[in-house]
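Novice: Need a 3D model of the following:
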Amino acid sequence: MRHAEDVIIKPIMTEKSYSEIANGKYTFEVALNSSKVEIKNAVEELFGVKVLKVNTLRYDGKAKRLGVHQGKTKAWKKAIVSIDTNPADVKYLAKGGKETKVNKKYKTEIEEISSAFGNN
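Specialist: Reported below is the predicted structural model:
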């Protein structure tokens, strides 16, 4: 099991990803060999939110050329993480058939990303 800081590399802020923040979707560059479960656990640990869904995309490096020099850009992986913007109480039946609520304290947004770009 890797540390959360090793899985999440950096947030990706483009016009499209910034507009999706209102819908509870955040975009991150993640480690190439990380799985969806590792990404989910890392985001929940780092930001204290409840992750509903993780979509991933892999990008291969492009062939680039500068004069006579040829090479490739690095391959990378992007994850679009959907968080729960309206976390509800968890209900279950305890002994004797009594209904019990568990109030879990999850955040409804990732403030570190939202506040960095002036989203009030």
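
Novice: ok, now which ones touch Thr73?
Specialist: With CB atoms under 8 Å, 6 or more residues apart in numbering as the criterion, the residues that contact Thr73 are 61-62, 64. No exception for glycine: its C-beta is placed from N, CA and C like everyone else's.

Novice: phi, psi of Glu112?
Specialist: Glu112 has phi and psi values of phi -60, psi -40 when expressed as degrees, to the nearest 10.

Novice: per-residue confidence at Phe28?
Specialist: pLDDT, the model's per-residue confidence, is 96 for Phe28.

Novice: CA-only coordinates of the helix or strand it falls within in PDB, if you can.
Specialist: Under the criterion DSSP states H and E, the helix or strand holding Phe28 is strand 25-30. Taking C-alpha atoms only, strand 25-30 is exported to PDB below (Å, rounded to 0.1, in the frame of the first residue of the first chain):
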ATOM      1  CA  LYS A  25     -16.000  16.600  -9.900                       C
ATOM      2  CA  TYR A  26     -12.300  17.200  -9.300                       C
ATOM      3  CA  THR A  27      -9.400  16.400 -11.700                       C
ATOM      4  CA  PHE A  28      -6.000  15.200 -10.600                       C
ATOM      5  CA  GLU A  29      -2.800  13.900 -12.200                       C
ATOM      6  CA  VAL A  30      -2.100  10.600 -10.600                       C
END
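
Novice: Check which residues of it are buried.
Specialist: When burial is assessed from 16 or more other CB atoms under 10 Å, strand 25-30 yields the following buried residues: 25-28, 30.

Novice: same deal with stretch 10-17?
Specialist: Of the residues in stretch 10-17, those buried (16+ other CB under 10 Å) are 12, 17.

Novice: Could you export the contacts of Thr73 as JSON lines, including secondary structure, neighbour count and distance to Lys72?
Specialist: Compiled in JSON lines, the contacts of Thr73 are given as follows (DSSP: H, G, I helix; E, B strand; the rest coil; neighbours: other CB atoms under 10 Å; distance: CB to CB, whole Å):
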{"residue": "Gly61", "secondary structure": "coil", "neighbour count": "11", "distance to Lys72": "4"}
{"residue": "Lys62", "secondary structure": "coil", "neighbour count": "10", "distance to Lys72": "7"}
{"residue": "Lys64", "secondary structure": "strand", "neighbour count": "10", "distance to Lys72": "7"}
